[in-house]
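Asker: fold the following for me, if possible:
(one chain, ligands or ions: 2)
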Amino acid sequence: MDKKSVRDIDVKGKTVFCRVDFNVPMSEGNVSDDTRIRAALPTIQYLTEQGAKVLLASHLGRPKGQVDEELRLNAVAERLQELLGKNVVKTDEAYGDTVKAEISKLSEGDVLLLENVRFYPGEEKNDPELAKAFAELADVYVNDAFGAAHRAHASTAGIAEHLPAVAGFLMEKELEVLGKALSDPERPFTAIIGGAKVKDKIGVIQHLLDRVDNLIIGGGLAYTFIKAQGHGVGKSLLEEDKVDLAKSFMEQAKEKGVNFYMPVDVVVADDFSNDANTQVVSFDSIPDEWEGLDAGPKSREIYADVIKKSKLVIWNGPMGVFELDAFANGTKAVAEALAEAEDTYTVIGGGDSAAAAEKFKLAEKMDHISTGGGASLEFMEGKELPGVTALNDK
Ligand SMILES: Nc1ncnc2c1ncn2[C@@H]1O[C@H](COP(=O)(O)OP(=O)(O)O)[C@@H](O)[C@H]1O
Ligand SMILES: O=C(OP(=O)(O)O)[C@H](O)COP(=O)(O)O
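Answerer: Numbering: from 1, shown residues only. Ligands and ions are numbered 1, 2, ... in the order given. Predicted structure coming up:
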């Protein structure tokens, strides 16, 4: 990585403003999935062990620049305290005199969690005044919030103009894994792109077409490609205005020598529910009144075979409506094939695919699950991440 990391600076006795992504799923006021908190622990522990006073800053949800009592970080502080096994001070504000007073009481190795930075309108506007107010709290800035690195906000980008600014270990690992995949991949390199909408995946498909050996298109977006081949898709998800683009992707794959895979059979249903009547049909014979909701058994076998023969696989987007058990088999087959492929480096690009791997209890068998959905997608599209750009070069 060409950016400095926490290893490149001395933090002993310094106050460190560490931006993390603790934007975690909550249920009835409690943290329901602490993956992102656990992912930030190596950096927090390193900083405390080095004798820094650690200020942690995060957003939670989208409170739109106002205080929202339900989006306070108190429950996050409690969970962090359990995971760290040490006291975490929590302030009700994210900057200002009361926060400074709390910081003045900290000893080396102490941890303080600031309030939700999105309670302030300046955060998402990347307001220079707010960035300065954050910077006034500390001597050093560490960004470990990969999940929010695609946002140019006061706590992810603006603050870096005022302090020495370096990456944390999670940020470093995410950039290393995804960066290597895009610039120097082990081959054969396979990308599996699923999910609901072609519109959301245009950039990533375009960027990956120049890099991969195999491209698998599944999930809801496959039907726009089936239509592009001149077949009917019944009531399946279809983006009529993206049919020409889908055609162009298939032509580009041919020109570039990329093996292009789509479902050869699909599970169709007469209703979007677990109790629907279903049947397996060939991709070119979807009945008019039916809707394709999952990959069929032949497709699953082909996907598994491609995965097995790959050295590197990046997966973004489920192969079907995996939230409904009746249509989870395609997604499950991909997750299982990835889990079983021991010689294959498997990367999951956050979001719903990460949730699917968790649901099938296969998450720990993957080599890397990105903590950023939107961030990893933008990275895979070749876009610059403002939270990374803002950090100091090596
Ligand atoms: N055949 C399909 N028809 C309708 N929705 C689908 C289909 N296949 C997958 N989906 C839905 O796509 C959603 C995920 O889409 P998306 O947000 O693009 O994925 P990701 O978050 O992984 O990028 C899931 O909720 C899933 O149910
Ligand atoms: O959860 C996040 O995004 P993600 O669900 O795309 O990974 C990040 O914390 C960014 O949050 P945001 O999309 O409200 O800026």
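Asker: so which residue of this structure comes closest to ligand 1?
Answerer: residue 195 (2.5 Å; CB to the nearest ligand atom). The way it works is simple: take the backbone N, C-alpha and C, and place the C-beta from them, glycine included.
Asker: quick check, residue 368 in contact with residue 176.
Answerer: No. The pair residue 368 and residue 176 fails to qualify as a contact (CB atoms under 8 Å) at a distance of 9.4 Å.
Asker: give me the more crowded residue out of these two.
Answerer: A side-by-side neighbour count of residue 368 and residue 176, using other CB atoms under 10 Å, places residue 368 first with 18 against 12.
Asker: who touches that one in this structure?
Answerer: Contacts here follow CB atoms under 8 Å, 6 or more residues apart in numbering; on that basis residue 368 touches 173, 177, 345, 346, 347, 348.
Asker: what's the helix or strand for the second one?
Answerer: To tie it back to what came earlier, the one meant is residue 177. Residue 177 is part of helix 169-183, with elements assigned from DSSP states H and E.
Asker: neighbouring strands - and their directions - for the helix or strand following that helix?
Answerer: The first helix or strand that comes after helix 169-183 along the chain, using DSSP H and E, is strand 189-193. Looking at strand 189-193 with DSSP bridges, its partner strands are strand 214-217 (parallel), strand 312-316 (parallel).
Asker: out of these, nearest to ligand 2?
Answerer: Taking CB to the nearest ligand atom as the measure, the strands paired with strand 189-193 were each checked against ligand 2, and strand 312-316 came out nearest at 11.2 Å.
Asker: so residue 11 makes contact with residue 138?
Answerer: No. Counting by CB under 8 Å, no contact exists between residue 11 and residue 138, whose distance comes to 10.3 Å.
Asker: what average pLDDT does the helix holding residue 177 get?
Answerer: If you average the pLDDT over helix 169-183, you get 95.
Asker: neighbouring contacts of it?
Answerer: When contacts are taken as CB under 8 Å, 6+ apart, the neighbours of helix 169-183 outside the stretch itself are 1, 3, 5-6, 39-40, 42-43, 46, 143-146, 149, 167, 189, 207, 211, 312, 314, 347, 349, 367-368, 370-372, 375-376, 379-380, 382, 387-388.
Asker: please pick the buried ones from these.
Answerer: Buried residues within the contacts of helix 169-183, defined by neighbour count using 16 or more other CB atoms under 10 Å: 3, 5-6, 39-40, 42-43, 46, 143-146, 149, 167, 189, 207, 211, 312, 314, 347, 349, 368, 370-372, 375-376, 379-380, 387-388.
Asker: tell me how many other residues surround residue 318.
Answerer: Summarising burial for residue 318: neighbours were counted as other CB under 10 Å, giving 30.
Asker: using the three-state scheme, assign it.
Answerer: The local conformation at residue 318, judged by DSSP: H, G, I helix; E, B strand; the rest coil, is coil.
Asker: over to residue 279?
Answerer: For residue 279, the secondary structure call by three-state DSSP comes out as strand.
Asker: wait, isn't it in contact with residue 265?
Answerer: No. The pair formed by residue 279 and residue 265 falls short of the contact definition of CB under 8 Å, at 10.3 Å.
Asker: residue 333 touches residue 303, doesn't it?
Answerer: Yes. The pair residue 333 / residue 303 is scored as a contact, 6.4 Å apart, by CB under 8 Å.
Asker: any shared contact partners between these two?
Answerer: Applying CB under 8 Å, 6+ apart, one finds that residue 333 and residue 303 are jointly contacted by 295, 319.
Asker: neighbours around the closest residue in space to residue 200 that isn't next to it in sequence, how many?
Answerer: The spatial neighbour of residue 200 that comes closest, neighbours along the chain excluded (CB to CB, 6 or more residues apart in numbering), is residue 377 at 7.7 Å. Here the number of neighbours of residue 377 (other CB under 10 Å) works out to 22.
Asker: great, nothing more from me.
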